[in-house]
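Enquirer: could you look at this predicted model? Sequence included:
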Amino acid sequence: MTTSNNNSQNNGSAFASIVVVVLLVALAVGLIVFLKNATSRRLDPNGYFNTPSDSTVAKPELDKDNHNTGLIEASFPDTIMGTDARDVADAGYEDGYWAGYDDAHLGQERASYDESCTFPTAADRAKYARNYREGYQEGWQTGQADREAANNNEENAQ
């Protein structure tokens, strides 16, 4: 009777496979570490990246209090954030009209009603609110009419 030695051949090929996998993993880890170190950039004491390619980048000159000396601070009345450049009466009417129109299409009166504004004087705010109320009523009526017309068109189409 002859005995074959298949177990020893399987053990050798399994060992070789394990060695190849371990070598591939080690190579991959080594490559990742190498590439990571090759691309990492160090910061200099001033907080800038210390690489030759950054030598062409302009850096702001700061004064002794670390304020940027290259900026000019100016504000103009028409560029102030939070103010409405429209006429007070027109703004109130337009805002009210579209709020009423949208609410009418939703079928919910005063769902988005808000007559508050950011105009600076009390007289302007009162004028805005008065025109908002007028615009809301007209927008509501127009929106209701458009909604009824749309409903009639749907019923006729069916």
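Expert: Yes, it's here.
Enquirer: residue 109 reaches residue 103, doesn't it?
Expert: Yes: proximity of residue 109 to residue 103 meets the contact threshold set by Cβ atoms under 8 Å, at 5.8 Å. C-beta coordinates here come from the backbone N, C-alpha and C atoms, glycine included.
Enquirer: between the two, which contacts overlap?
Expert: Both residue 109 and residue 103 are in contact with residue 140, where contact means Cβ atoms under 8 Å, 6 or more residues apart in numbering.
Enquirer: ok, the two, which is more surrounded?
Expert: Remark: of residue 109 and residue 103, residue 103 carries more neighbours, 20 against 12, as counted by other Cβ atoms under 10 Å.
Enquirer: sec struct for the more buried one, please.
Expert: helix (DSSP: H, G, I helix; E, B strand; the rest coil).
Enquirer: for stretch 97-107, which outside residues touch it?
Expert: 109-114, 132, 135-144, 146-147.
Enquirer: again but with stretch 86-93, I slipped
Expert: Contacts for stretch 86-93 (Cβ under 8 Å, 6+ apart): 84, 94, 115, 117, 119, 124, 127-132, 134-135.
Enquirer: please apply the same query to stretch 136-149.
Expert: 96-105, 107, 109, 113.
Enquirer: of those, which is the nearest to residue 25?
Expert: residue 102 (62.3 Å; Cβ to Cβ).
Enquirer: what subset of the contacts of stretch 136-149 is buried?
Expert: 96, 97, 99, 100, 101, 103, 104, 105 (16 or more other Cβ atoms under 10 Å).
Enquirer: I'd like these as TSV, with pLDDT and distance to residue 26 appended.
Expert: Converted to TSV, the buried ones among the contacts of stretch 136-149 look like this (pLDDT from 0 to 100; distance: Cβ to Cβ, whole Å):
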residue	pLDDT	distance to residue 26
96	95	73
97	96	73
99	95	68
100	95	73
101	95	70
103	94	69
104	93	72
105	90	68
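Enquirer: tell me which other helices or strands the lowest-mean-pLDDT helix or strand in the chain touches.
Expert: Ranking every helix and strand in the chain by mean pLDDT, DSSP states H and E puts helix 6-39 at the bottom, with a mean of 84. Applying 3 or more Cβ pairs under 8 Å, 6 or more residues apart in numbering; DSSP states H and E, we find helix 6-39 packed against no helix or strand.
Enquirer: number the residues from 33 up from this point.
Expert: Understood, numbering begins at 33; the last thing we discussed is helix 38-71.
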